[in-house]
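Asks: Could you look at this predicted model? Sequence included:
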Amino acid sequence: MDISREIFLAKRSFFRLSNLSVMHLAVAVASSFIALSNFNRLPVLATTQSGNNFVYQIFVRSWADTPKDTDEIGDLKGIREKLDYLNDGRPATDNDLEVGILWLMPVFPSKSYHGYDVTDFRTINPDYGTLQDFKDLIADAHQRGMRIILDIPFNHTSDQHPWFKEAVDNPNSRFRKFYHFADINQPAPPGSWHVATGSNGQKVRYLGLFSPNMPDLDLNQPEVQKEIKGIAKFWLDNGIDGFRLDAAKHIFGDTFNPIPETDILRNNDWWRSFSDFVYQNKKNAVLVGEVLGDKEMLRRHAYGLDALIDEPFMEAARTQISFPSTNFLTTWKNFVNSARTVNQIAHQRAGSQRKEPFQPFIYLASHDKSPRLASDLEEKKRLGMKPSIDEAYRLGMYILTTLGKYPILYNGDEVMQRGFKWNGNPPNDSQSPGDGSGLYDETLREPFPWLKGGDSPIQGDNDMQTSWSKLLPKFDKPNDGVSVEEQTAPKQMLNLIRGLTNLRTSHPSYANGELGDILTDTSDWLVFEKKSGQERYLVLINSTDTGLDYNFSQEHFPRYINSQLIFFSDGKSKEWKDKTNANKRINTKVFVPSYGLVVLKQVQN
C-alpha cells in the first residue's frame, strides 16, 4: 500500500467502529422550442461557474436528437441544441434550469443500449456522434458556465472489448493479466464466473460480476491501474470536468454480498490514488463515486472518494415526503459528519490534493431506481399518503434543492416523468414469468418528453423528440401533462423547479452553504440553516395541509427577527414567488403555506 502504516492503522481502527447510533427513518415548455443555431450570441464566460453545483443527469440516447436527424436516437448535437433549456448563460433569466454540472451517462462505444459495457474507452459511440461533436458540446457548455462529467465504468469492460477478446484468444497476451481467469478444468470458484470460447476453440473461465457480457478488470495489476489513469487523463485533456465513477465499491468487492473489510480497504487505496492523480491533472475536477448501500457502506468508502452518490438520502427523503417522521435532518447531518471524519483521515497524508470536505450528492431518482419518483408517489398514495402526488412531489423538490450543495435531478423528473422496471422475461420463465418483451431497465430511461403529442412536431420546433425503441414508451402518453411543452406554464412542476434552481444561482451562499443549526425536525416542520461565511439563510418547509406561522423570539433564534423574505412557495395553490428584489422583511413570525417553502436571509446589523 502507498500510505503510511499510521494512516493504515487509523483508518482500519475507524472502519471497525460500530455503526452510528442514529434513528432509522420509517419504512419507507414549450421552453423555447426554437432550435438554437447561433451559439456565438452567448456572453463568453472566462471560466465555468464552479459555484453552481446543481447537477442534471442525462441518458443521452433518450434526451434529444439532432434536428432533422432521422434515427430518433438522442445524441451530442441534440444536447448542444438544447443547452439553453439547461442553462442559457444568463443568470438574470429564469426560463432555464440553471444547471451547473451536466452528468452524461456513458457515451462510449458499446454493444448495449445503456452503454455500461464499453468496447473502447477513448472514443464516442457512433450513435451519439464524434469526438469533435463532444468537444463542441464541452466548449458550448463551458461558455454557459456548465461543467460536464462522464459516467465511466472502470470496474469492467465489454466482452467485445479488444483487451478481453485478445485475452481469451491468447493465453500469452499481456491482456490476460487485465482480467480474472480461473482454471477451466477445476470447479468454478464461488461467485459470478462464466465461460467463453476463443477463436481457437479453447474455453476459458472468467469473472463477470454484473453480467457475462461485462468481464471484471483486475485493478490489482499495475498495468491496469496505469491504463485506467491514462483513460482519465485522455478525457481531462479533451476538456472534461470530472467523472461519475460507476460501481466504485466493486473494484475489489467482487460480490453482491457484504464486502469484506480487506476489499473495502483496497477499494479506498485505489480510489485515493486515482483521485490524487485526477486532481494533479485538474485541480477542481468533480469526482463522485457510486457506492450503493446503507450509510455505513458509504461512510466506509469516504476515505477513498471525496464525494459519493447518497442512496440512503434518496430512500429517506422519499419516505419523509410521503409518510413524514422526526429526525430526518438530524440523521442525515450525523451521517455527513461521520463520513467527513473518515475523509479527513485521508487528507492528513502529505501531498493531499483536496481541501474541500466530503460531499454527498443527494438525489430523489435515478436511471436505476424503480419506480421513478412520480410513480413511487402514486404507489404511496394508494397506501394512504396524505398529500396529493403533486404536493408531495413539491415537498421533495424543496428538500432536494435547499439541503444539498450537489443536488442531482434525473432527466424527466422536472416534468414528473413516470416509470417502473419492466419484466421482459419469457412468459414461461420458471422463476419470474414476464411479457417476453426483453425490456427491463429501459422503462426507467424512456425517451425524454419534449412534446405533448409524443413524437408529433409542433410549429416552430425541429422535432428533437427521441424514439429509439418501438417498444417504448410504456408510460408516456400523448397529452398526459408530462412534457416540457405542457409543464412550462405557471403552477406546473417544471415552472416551480426553474424557480428553485434560479434561486440557487441568485444566492450561491445559500446553495453551497453548510447545513447549520437545525431549528425544528419533526413530521410537520423541517427548519434549518444554510450558512457560508457571515451569510445565513433559513429554510422552512411546512409538511402539513394547513398554512402555519413560524415564530421567533429572543429565546428562539432572534437573529431571524427582521430577516428578509427571499422566496415562498404554496404547494396547495401551486403558486410561488422569488422575493429577492422586493426587500420584504418579516417581524417576529413568518407564514409558511401548506406543503410550502419559505426561505429567509438574515439581515446583518
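Replies: Thanks, I have it. All values derive from a computational prediction rather than experimental measurement. Numbers count the residues shown, from 1 in each chain.
Asks: Which of the three states applies to the closest residue in space to Arg144 that isn't next to it in sequence?
Replies: Nearest non-adjacent residue to Arg144, counting by CB to CB, 6 or more residues apart in numbering: Gly89, 3.7 Å away. Quick note: C-beta positions are derived from backbone N, CA and C, even for glycine. At Gly89 the chain is in coil, as set by DSSP: H, G, I helix; E, B strand; the rest coil.
Asks: Let me see the backbone angles for Gly89.
Replies: Gly89 adopts backbone torsions of phi 80, psi 0, taken as degrees, to the nearest 10.
Asks: thinking it is in contact with Gly145, fair?
Replies: Yes. Using CB atoms under 8 Å as the test, Gly89 is close enough to Gly145 to be in contact (6.3 Å).
Asks: related to what we said a few turns ago, next one: the residue nearest to Arg144, what pLDDT does it get?
Replies: Gly89 is assigned a predicted lDDT (pLDDT) of 95.
Asks: Can you tell me how far the nearest residue to Lys491 once chain neighbours are set aside is from Glu356?
Replies: Closest residue to Lys491 apart from its sequence neighbours, by CB to CB, 6+ apart: Lys574 at 3.8 Å. Note on Lys574: its distance to Glu356, by CB to CB, to the nearest Å, is 37 Å.
Asks: Then Asn87?
Replies: Per CB to CB, Asn87 is found 22 Å from Glu356.
Asks: Check Lys477 too.
Replies: Taken as CB to CB, the span from Lys477 to Glu356 is 44 Å.
Asks: returning to that earlier point: look at Lys574 and Glu356 and report which has more neighbours.
Replies: Between Lys574 and Glu356, Lys574 has the larger neighbour count (other CB atoms under 10 Å), namely 17 against 11.
Asks: So that one is in contact with Asp390, correct?
Replies: Yes. Lys574 lies in contact with Asp390 (CB under 8 Å); the separation is 7.2 Å.
Asks: any residues in contact with both of those two?
Replies: Here Lys574 and Asp390 have no joint contacts, going by CB atoms under 8 Å, 6 or more residues apart in numbering.
Asks: Now name the helix or strand holding Leu597.
Replies: Per DSSP states H and E: Leu597 is located in strand 596-601.
Asks: and the spatially most central residue of the chain, what element?
Replies: Centrality entry for the chain: nearest residue to the mean C-alpha point is Ile408, 4.4 Å, by CA atoms, centre = their mean. Ile408 belongs to strand 406-410 when assigned by DSSP H and E.
Asks: partner residues bridging the residue nearest to the centre of the chain?
Replies: Ile408 has these beta-bridge partners by DSSP bridges: Val55, Tyr363.
Asks: May I see the buried residues of stretch 167-187?
Replies: Of the residues in stretch 167-187, Ala167, Val168, Asp169, Phe175, Arg176, Phe178, Tyr179, His180, Phe181 count as buried by neighbour count, 16 or more other CB atoms under 10 Å.
Asks: I would like the residues contacting the strand holding Ile408, please.
Replies: 53-57, 97, 101, 103, 288, 307, 309, 359-367, 372, 400-401, 497.
Asks: returning to what we had before: name the strands paired with the strand holding Leu597 and say parallel or antiparallel.
Replies: By DSSP bridges, strand 596-601 pairs with strand 535-542 (antiparallel), strand 564-570 (antiparallel).
Asks: Return the distance of that strand from the chain's centre.
Replies: Distance of strand 596-601 from the chain centroid (CA atoms, centre = their mean, to the nearest Å) equals 25 Å.
Asks: Would you mind finding the longest helix in this protein?
Replies: helix 261-281 (DSSP state H).
Asks: Report the mean per-residue pLDDT for that one.
Replies: The model assigns helix 261-281 a mean pLDDT of 96.
Asks: Go ahead and confirm Tyr279 touches Ala285.
Replies: Yes. Tyr279 is within contact range of Ala285, at 6.1 Å (criterion: CB under 8 Å).
Asks: So between the two, which is more surrounded?
Replies: Taking other CB under 10 Å, Tyr279 and Ala285 do not tie; Ala285 has more neighbours (20 against 17).
Asks: Name all residues that make contact with that one.
Replies: Contacts of Ala285 by CB under 8 Å, 6+ apart are Leu236, Asp241, Gly242, Phe243, Val278, Tyr279.
Asks: 7 Å - rerun?
Replies: By CB atoms under 7 Å, 6 or more residues apart in numbering, the contact set of Ala285 is Leu236, Asp241, Gly242, Val278, Tyr279.
Asks: Max pairwise distance over these: which two?
Replies: Asp241 and Tyr279 (12.3 Å; CB to CB).
Asks: The nearest residue to Pro189 once chain neighbours are set aside pairs with what?
Replies: Leaving aside its chain neighbours, Pro189 sits nearest to Ala182 (5.5 Å; criterion: CB to CB, 6+ apart). Ala182 has the following beta-bridge partners by DSSP bridges: Arg205.
Asks: picking that back up, give me the buried entries from the contacts of Ala285.
Replies: Buried by 16+ other CB under 10 Å: Leu236, Asp241, Gly242, Val278, Tyr279, out of the contacts of Ala285.
Asks: Next, the buried residues of stretch 363-375.
Replies: In stretch 363-375, counting by 16+ other CB under 10 Å, buried: Tyr363, Leu364, Ala365, Ser366, His367, Lys369, Ser370, Pro371, Arg372, Leu373, Ala374, Ser375.
Asks: if you go through the stretch 351-500 of the chain in chain order, where are the helices?
Replies: 373-382, 389-403, 484-487, 493-506 (DSSP state H, counting those that start in this stretch).
Asks: Looking at these, which one is packed in the most?
Replies: Ranked by mean neighbour count, the helices of the stretch 351-500 of the chain are led by helix 389-403 with a mean of 24 (mean count of other CB atoms under 10 Å).
Asks: per-residue confidence averaged over it?
Replies: The average of the pLDDT scores along helix 389-403 is 98.
Asks: between it and helix 373-382, how many degrees?
Replies: Helix 389-403 runs at 130 degrees relative to helix 373-382, counting by axes from the mean of the first three to the mean of the last three CA atoms, to 10 degrees.
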